[in-house]
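1. predicted model follows, preceded by the sequence.
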Amino acid sequence: MEAQCDPRLLKGVEQFNQGLYFECHETLEEIWLEEHGEDRAFYQGLIQVAAGYLKWEQGVLIGAIKLWRSGLEKLEGYPQIHLGVNLATFILGVRRNLAGVEAAYARGEAAVELEVPVLRLNSHV
């Protein structure tokens with residue numbers, strides 16, 4: 001029998017996809033604070049990526065870079081699909097954004113347009 005998905009994860013995914021990065025961070029942090037097993041780094045990675053997008057929106061590119069690097073490092077340790085979340089395509093999108101922001105930051109630019117990746121859930125969750 002498959003474990004039931006935490007409804008807060010679903011809420012956090014929806015918030016992220018709506019561009020509500022602070023709210024996503026807060027929602028997923030509730031789970032992260034309770035999680036003491038193998039999924040703790042998964043939630044922390046998602047939280048850091050969401051916080052990175054908040055920093056990007058605020059124009060704090062170095063903050064976005066640091067948070068995305070840290071979040072990706074954690075998420076890359078999980079399978080391509082974890083707890084129903086398609087990490088493979090999400091990680092690819094975040095990596096592309098990271099490269100774009102790193103390049104803009106290196107050129108001294110204060111802002112950069114990005115195509116934010118979508119957090120996708122598998123239908124069996």
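-> Ah, there it is. Numbering: from 1, shown residues only.
2. which stretches of this protein form strands?
-> 81-82, 85-86 (DSSP state E).
3. out of these, which gets nearest to residue 14?
-> Residue 14 sits nearest to strand 85-86 of all the strands of the chain, at 12.2 Å, using Cβ to Cβ. Where you see a C-beta, it was placed from the backbone N, CA and C, and this is true even at glycine.
4. pLDDT of the closest one, averaged?
-> Strand 85-86 comes out with an average pLDDT of 95.
5. quick one: low-confidence parts of the chain?
-> 1-4, 123-125 (pLDDT under 70).
6. just checking, what's the longest helix in it?
-> helix 87-106 (DSSP state H).
7. was I right about residue 76 contacting residue 91?
-> Yes - in this structure, residue 76 is within contact of residue 91 by Cβ atoms under 8 Å, at 6.4 Å.
8. of the two, which one has the most company?
-> The neighbour count for residue 76 versus residue 91, taken as other Cβ atoms under 10 Å, is higher for residue 91 (19 against 11).
9. neighbours of the residue nearest to the more buried one when sequence neighbours are not counted, how many?
-> Closest residue to residue 91 apart from its sequence neighbours, by Cβ to Cβ, 6 or more residues apart in numbering: residue 75 at 5.8 Å. Residues lying near residue 75 (other Cβ under 10 Å) number 21.
10. count the neighbours of residue 112 for me.
-> Neighbours around residue 112, by other Cβ under 10 Å: 17.
11. if I look at it, how far off is residue 103?
-> As judged by Cβ to Cβ, to the nearest Å, residue 112 and residue 103 stand 8 Å apart.
12. how about residue 71?
-> Here residue 71 is placed at a distance of 19 Å from residue 103 (Cβ to Cβ).
13. if you count surrounding residues, which of those two has more?
-> Between residue 71 and residue 103, residue 71 has the larger neighbour count (other Cβ under 10 Å), namely 24 against 11.
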